[in-house]
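>>> What follows is a predicted protein model with its sequence.
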Number of protein chains: 2
Amino acid sequence: MRGRYDFYPAWWHGRFKGCGYRITVARQAILEILSKTTEHLSAEDIFLAVHKQYPNIGLTTVYRTLELLVQIGLIYKHDFGDGRSRYELAEGPKGKLHHHHLVCTKCGRVIDYTDFIDQEIELLKQTENGLFKKFNFKITNHLIQFYGICEQCQKEKIKNFANK
Amino acid sequence: MRGRYDFYPAWWHGRFKGCGYRITVARQAILEILSKTTEHLSAEDIFLAVHKQYPNIGLTTVYRTLELLVQIGLIYKHDFGDGRSRYELAEGPKGKLHHHHLVCTKCGRVIDYTDFIDQEIELLKQTENGLFKKFNFKITNHLIQFYGICEQCQKEKIKNFANK
DNA sequence: ATGATAATGAAAACCATTTTCAGAAAGGAG
DNA sequence: CTCCTTTCTGAAAATGGTTTTCATTATCAT
């Protein structure tokens, strides 16, 4: 099967070939979906989106591709506590803004934020250095996540109280 | 069934009664296990430990109890990426040291660290305030986790390279 | 174009966690 | 202490996201 990538080699092709992986329609399609959204898609979300254009690509392949993409660092795998993993492009052709997540523990809504990154970077640098010295642990990545109640759910609570 | 808690009411009894929950042997046993370890136990780990002393307590009850304890904030539920949730006491009678985790992405080893908490608290305070102002998001908790390669796995890597 | 090798799809297996449901225990009232 | 309502519990079955299996197909260096 020939795909459009034969004519428009994408930015990530080099990264793939460098690791000895083949460029396939499924991988192209999955990366295309991920690069066109800012949402945190689940494997099934991605499968459904891919399925519209390529109905013969199976859920298994989606899982396998996602695992591969995580492994080579092209995407992140998140756990927001709803029982399924969610995936997000780590960086696009032009690089993507470093950000973290705010998770509402009531409705599950996830908000991306890019604020306060400067202070954060500073803290991380110190921490990484310190942890390396103390535990000889070589840090490659970090996760910062805040949990709380979103605006809508706070209003809900007030409403519910009022009704009683 | 009568348990020892009839004679030695524990520090968390008040918290339970306040929420309308009953004090049971299973709950007592599970909290006892959690308060006697610094490890990050899985539901099955806890079940096995409890099972030694109380063979009639089932895995279902362990899951249900853990869910309850998370809900009332007595324990934390962590995801270190090994496909099962791991649990840890949030605070003991005397309060427990606030800490975070270093996860080795190669062997899964988890190291607790309590360093750099001062700077972290400062950053969090700022971030929480800022996020509240910007998104009207009320933060109740946060998660910081570092990922990398532990000392042992770094050595492994060197060994493996040498063997080639 | 060809062949070695990697990738794929469908179905089944996996496995941590949840649900169901009938029986047992907790704890307030008397 | 006993009764009674309500909550809790265990066993077994169900659930549901993810992984494995295996025969077939696609990729791509030659």
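Perfect, I can see it now.
>>> Show me which residues of chain A are close to chain B?
Contacts of chain A with chain B, taken as Cβ under 8 Å from any Cβ of the partner chain, map to A:79, A:102, A:104-105, A:111, A:113, A:115-116, A:119-120, A:123, A:126-128, A:130-131, A:134-151, A:154. Just so you know, the C-beta spots here come from the backbone N, C-alpha and C atoms, and that holds for glycine as well.
>>> Show the average pLDDT along the lengthiest strand in chain A.
Across chain A, the longest stretch assigned as strand under DSSP state E is strand A:138-149. Averaging pLDDT along strand A:138-149 yields 90.
>>> now swap in stretch A:103-115 and tell me
The pLDDT scores in stretch A:103-115 average 89.
>>> hmm, it in reach of DNA strand C?
No: using Cβ under 7 Å from any atom of the strand, stretch A:103-115 stays clear of DNA strand C, coming no nearer than 13.7 Å.
>>> Dump that stretch to PDB, keeping only the CA atoms.
Extracted in PDB, the C-alpha atoms of stretch A:103-115 (Å, rounded to 0.1, in the frame of the first residue of the first chain):
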ATOM      1  CA  VAL A 103      -6.800  17.300  36.800                       C
ATOM      2  CA  CYS A 104     -10.200  17.800  38.200                       C
ATOM      3  CA  THR A 105     -10.800  15.000  40.600                       C
ATOM      4  CA  LYS A 106     -14.500  15.300  40.300                       C
ATOM      5  CA  CYS A 107     -15.300  15.400  36.600                       C
ATOM      6  CA  GLY A 108     -11.900  14.300  35.200                       C
ATOM      7  CA  ARG A 109     -11.400  17.400  33.100                       C
ATOM      8  CA  VAL A 110      -7.800  18.100  32.300                       C
ATOM      9  CA  ILE A 111      -6.400  21.600  31.700                       C
ATOM     10  CA  ASP A 112      -3.000  22.200  30.200                       C
ATOM     11  CA  TYR A 113      -1.100  25.100  31.600                       C
ATOM     12  CA  THR A 114       2.200  26.600  30.600                       C
ATOM     13  CA  ASP A 115       2.600  29.100  33.400                       C
END
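>>> Looking at chain A, which residue is nearest DNA strand C?
Taking Cβ to the nearest atom of the strand as the measure, the point where chain A comes nearest DNA strand C is A:T61, at 2.6 Å.
>>> Write a PyMOL command that selects only the buried members of the residues of chain A next to chain B.
Paste this into PyMOL to select the buried members of the residues of chain A next to chain B, with burial taken from 16 or more other Cβ atoms under 10 Å in any protein chain shown:
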select buried, chain A and resi 79+102+104+111+113+115+116+120+123+127+128+131+135+137+138+139+142+143+144+145+146+147+148+149+150+154
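>>> surely A:R15 meets A:L74?
Yes: using Cβ atoms under 8 Å, A:R15 is in contact with A:L74, at 6.9 Å.
>>> of the two, who's got more company?
Using other Cβ atoms under 10 Å in any protein chain shown as the criterion, A:R15 and A:L74 rank with A:L74 on top: 20 against 13.
>>> Mind giving me the packing neighbours of the biggest helix by length in chain A?
Counting by DSSP state H, the longest helix found in chain A is helix A:117-135. Helices and strands touching helix A:117-135, as assessed by 3 or more Cβ pairs under 8 Å, 6 or more residues apart in numbering or on different chains; DSSP states H and E, comprise strand A:138-149, strand B:110-113, helix B:117-135, strand B:138-149.
>>> can you redo these as CSV with distance to B:L69?
Output for the helices and strands packed on helix A:117-135, formatted as CSV (distance: least, Cβ to Cβ, whole Å):
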stretch, distance to B:L69
strand A:138-149, 17
strand B:110-113, 19
helix B:117-135, 24
strand B:138-149, 15
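>>> A:V62 falls within a strand, correct?
No: counting by DSSP: H, G, I helix; E, B strand; the rest coil, one finds A:V62 to be helix, located in no strand.
>>> For it, give me its contacts.
Shown in contact with A:V62 (Cβ atoms under 8 Å, 6 or more residues apart in numbering or on different chains): A:26, A:30, A:43, A:46-47, A:50.
>>> Closest one of those to A:W11?
A:I30 (14.9 Å; Cβ to Cβ).
>>> A:H98 touches A:D115, doesn't it?
No: contact criterion Cβ under 8 Å: A:H98 and A:D115 do not qualify, at 11.3 Å.
>>> hey, where'd the strands end up in chain A?
For chain A, strands defined by DSSP E occupy the ranges A:41-42, A:75-79, A:85-89, A:100-104, A:110-113, A:138-149.
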